[in-house]
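Visitor: build me a structure from this.
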Amino acid sequence: AAMLKPFHLAPQRRADYAGKRIDQITESVIASATGFEGRYLRCQASDCESLRAEGMAQRDEIFEPMLKDIFVELQIDGSASLPGFERQLEGRLERKVAMLLASEGFARQTIWSLLAESKRQNAYRQMAILAWGGYGKTTLLKHVAYRYGIGEVPQGVPKLVPMLLVLREYRKWLVPSNSEEALLTLPELINQYHIPSLPEAHRLEPVPPNWAENLLRRGRALVMFDGFDEVPKQERPAVAKWLNEQMRQYGRSVFVVTSRPKAYKEQDSADRLSLAMPMWVQPFDDVQRRRFVESWYLCQEKQTPRRDTAEVKKVAAEAAHELLEQIESEPDLKDLAKNPLLLNMIATFHWLYPGAALPKRRVELYGEICTPQLRARPRDRRLDTVLLEFEPQPVLGKVAMSMMQQVVKRVERDVLLQEIETALAEQDEAIDARELLRDVVQISELIVQQEDEYEF
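Guide: Predicted coordinates for the structure are as follows:
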């Protein structure tokens, strides 16, 4: 059987229902909220209700699921190694954190167990959530904001008011253009930019005086800054300095910052962002993978004329089972499926392409993985990168082909740079090979550094 042979019927019938979006948080619900805080919570939840994978092409045949219907709790580890790597934690602080987590039974937990611990230990009020691209950092924060917004958090978790702030969208107000410029404070940023950006924000006018300030000082705020790694490298010290100052000023509240590991760990010593609890998102295990695929298929099948019937559930379960069996039987595919974003892409291919030949399917799948990582996600996130200055995929393809012909899996930096320079010259591209390698490693992560060597 083909690696991704679909079980379900052809997608034509689903096309008639594509694009329909179920609004879980409706205007009437927002309007019925009592008091400013209640209305704010529902507006913040409304901003986080759907699952949108940045960089993935929108397809007419694919229904955009609601986050609540498809989210799988991520495992967060503070005692082991980075996902995809074998090296152990480094640094005295990180070793202390690992020992503390292990002693408390928190070697691998969810975000909710960590937030619950923030009531008892101050260190848990400043958490860095680290993971490579596609491991679900942004989705995790949206999940937390949504659950808080609708008032459904696990027992024992503190009742906080979530504020999800994307650093790449606000960085220009956190970096001074001259030495005399006064930067915004966190309450000012929330009042002037975050609240007006929310859906149905007109229902939040006027914002009560000192609302954000009071929440922060009383320790009732959960401030989540997404994407420290998406701040241009030259601006990170200034943004780190600003973040450190806000956490110092409002130390009773809970702060969470997400970042790719490299950007967080390789900061300069001056104005370094350093949170008390650095934590790592772990790859999907078998149970998480199964839950995601089953939920994803059920969401898609529900959009058929049969809606939520026993037959729909049966068809969805059988199709999910068939895909999971194929993932289990293909080691390369199973390795890709550890990454939630790539698993989403695999499920999409399984749904879309009935009967295609195996070689064609494999090439298309890998192509669909490369395109978002190299172009679409950096573009959608408006990152400053050489990946958007030309078409990098043919260049990297030539490098990969050369390594395959030489039967080498890993190469030293100088050798890899020479391969990239040769491929750039063949494509007549005037791009610096060192800059390209840097961005492929840090942004696309199609090439990873393993100690002193690199591999695809």
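Visitor: residue 136 against residue 340, yeah?
Guide: Yes. If you go by C-beta atoms under 8 Å, residue 136 and residue 340 touch, sitting 4.6 Å apart. (Glycine included, C-beta is placed from N, CA and C.)
Visitor: overlap in contacts, these two.
Guide: Taking C-beta atoms under 8 Å, 6 or more residues apart in numbering as the contact criterion, no residue touches both residue 136 and residue 340.
Visitor: tell me the contacts of residue 194?
Guide: Contacts of residue 194 (C-beta under 8 Å, 6+ apart): 163, 165, 170.
Visitor: what about the last one, which helix or strand?
Guide: Looking back up the chat, that one is residue 170. Assigned by DSSP states H and E, residue 170 belongs to helix 167-170.
Visitor: and that helix, average pLDDT?
Guide: Mean pLDDT, helix 167-170: 91.
Visitor: which residues outside that helix are in contact with it?
Guide: 174, 189, 193-194, 225-228, 230-231, 239, 381-383.
Visitor: from these, pick the one nearest residue 263.
Guide: Here the nearest of these to residue 263, counting by C-beta to C-beta, is residue 228; it sits at 6.1 Å.
Visitor: how many residues are close by the closest one?
Guide: If you count neighbours by other C-beta atoms under 10 Å, residue 228 ends up with 24.
Visitor: quick one, strands of this structure?
Guide: 76-77, 108-109, 126-130, 161-166, 221-226, 254-259, 277-281, 411-412, 448-450, 453-455 (DSSP state E).
Visitor: now do the first one: distance to the chain's middle.
Guide: It stands for strand 76-77. In this view, strand 76-77 has its centroid 15 Å away from the chain centroid, taken as C-alpha atoms, centre = their mean, to the nearest Å.
Visitor: cool, and the fourth one?
Guide: With C-alpha atoms, centre = their mean as the basis, strand 161-166 stands 15 Å off its chain's centre.
Visitor: in terms of secondary structure, what does it contact?
Guide: For strand 161-166, the contact count by 3 or more C-beta pairs under 8 Å, 6 or more residues apart in numbering; DSSP states H and E identifies helix 35-46, helix 137-149, strand 221-226 as packing neighbours.
Visitor: and with 10 Å instead?
Guide: With contacts taken as 3 or more C-beta pairs under 10 Å, 6 or more residues apart in numbering; DSSP states H and E, strand 161-166 sits against helix 35-46, helix 137-149, helix 186-189, helix 195-197, helix 211-217, strand 221-226, strand 254-259.
Visitor: mind putting the ones you listed in CSV, distance to residue 158 and mean pLDDT included?
Guide: Shown next, in CSV, are the helices and strands packed on strand 161-166 (distance: least, C-beta to C-beta, whole Å; pLDDT from 0 to 100):
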stretch, distance to residue 158, mean pLDDT
helix 35-46, 14, 94
helix 137-149, 10, 96
helix 186-189, 19, 96
helix 195-197, 22, 95
helix 211-217, 13, 96
strand 221-226, 8, 98
strand 254-259, 8, 97
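Visitor: may I have stretch 161-180 exported as CSV, CA atoms only?
Guide: This file holds the C-alpha atoms of stretch 161-180, laid out as CSV (Å, rounded to 0.1, in the frame of the first residue of the first chain):
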residue,chain,number,x,y,z
VAL,A,161,-6.0,37.1,33.7
PRO,A,162,-4.1,36.1,30.5
MET,A,163,-2.4,38.6,28.2
LEU,A,164,-0.9,37.0,25.0
LEU,A,165,1.6,39.4,23.4
VAL,A,166,3.5,38.6,20.3
LEU,A,167,7.0,40.2,20.6
ARG,A,168,7.5,40.6,16.8
GLU,A,169,4.4,42.8,16.7
TYR,A,170,5.4,45.0,19.6
ARG,A,171,9.2,45.1,19.5
LYS,A,172,9.3,48.6,17.9
TRP,A,173,7.9,50.0,21.1
LEU,A,174,10.4,48.2,23.2
VAL,A,175,13.6,49.3,21.4
PRO,A,176,14.6,53.0,21.8
SER,A,177,15.5,54.8,18.6
ASN,A,178,17.7,57.2,20.6
SER,A,179,19.1,57.4,24.2
GLU,A,180,16.5,60.0,25.3
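Visitor: residue 253 touches residue 246, doesn't it?
Guide: Yes. Counting by C-beta atoms under 10 Å, residue 253 touches residue 246, with 9.4 Å between them.
Visitor: between the two, which one's more packed in?
Guide: When neighbours are counted by other C-beta under 10 Å, residue 253 comes out ahead of the other of residue 253 and residue 246, with 24 against 21.
Visitor: okay, that one: pLDDT?
Guide: Residue 253 is assigned 97 on the pLDDT scale.
Visitor: distance between stretch 125-134 and the chain's centre?
Guide: With C-alpha atoms, centre = their mean, you get 9 Å for stretch 125-134.
Visitor: what mean pLDDT would you report for it?
Guide: The average pLDDT within stretch 125-134 is 92.
Visitor: cool, and stretch 442-456?
Guide: The average pLDDT for stretch 442-456 rounds to 73.
Visitor: any idea how far the closest residue in space to residue 237 that isn't next to it in sequence lies from residue 241?
Guide: Of all residues not flanking residue 237 in the chain, residue 271 sits nearest, at 4.0 Å (C-beta to C-beta, 6 or more residues apart in numbering). Counting by C-beta to C-beta, to the nearest Å, the separation of residue 271 from residue 241 is 4 Å.
Visitor: neighbour count: these two, which is higher?
Guide: Applying other C-beta under 10 Å to residue 271 and residue 241 shows that residue 241 carries more neighbours, namely 18 against 15.
Visitor: who's in contact with that one?
Guide: Residue 241 makes contact with 174, 175, 176, 183, 270, 271, 272, 273, according to C-beta atoms under 10 Å, 6 or more residues apart in numbering.
Visitor: let's go with 7 Å and repeat that
Guide: residue 271 (C-beta atoms under 7 Å, 6 or more residues apart in numbering).
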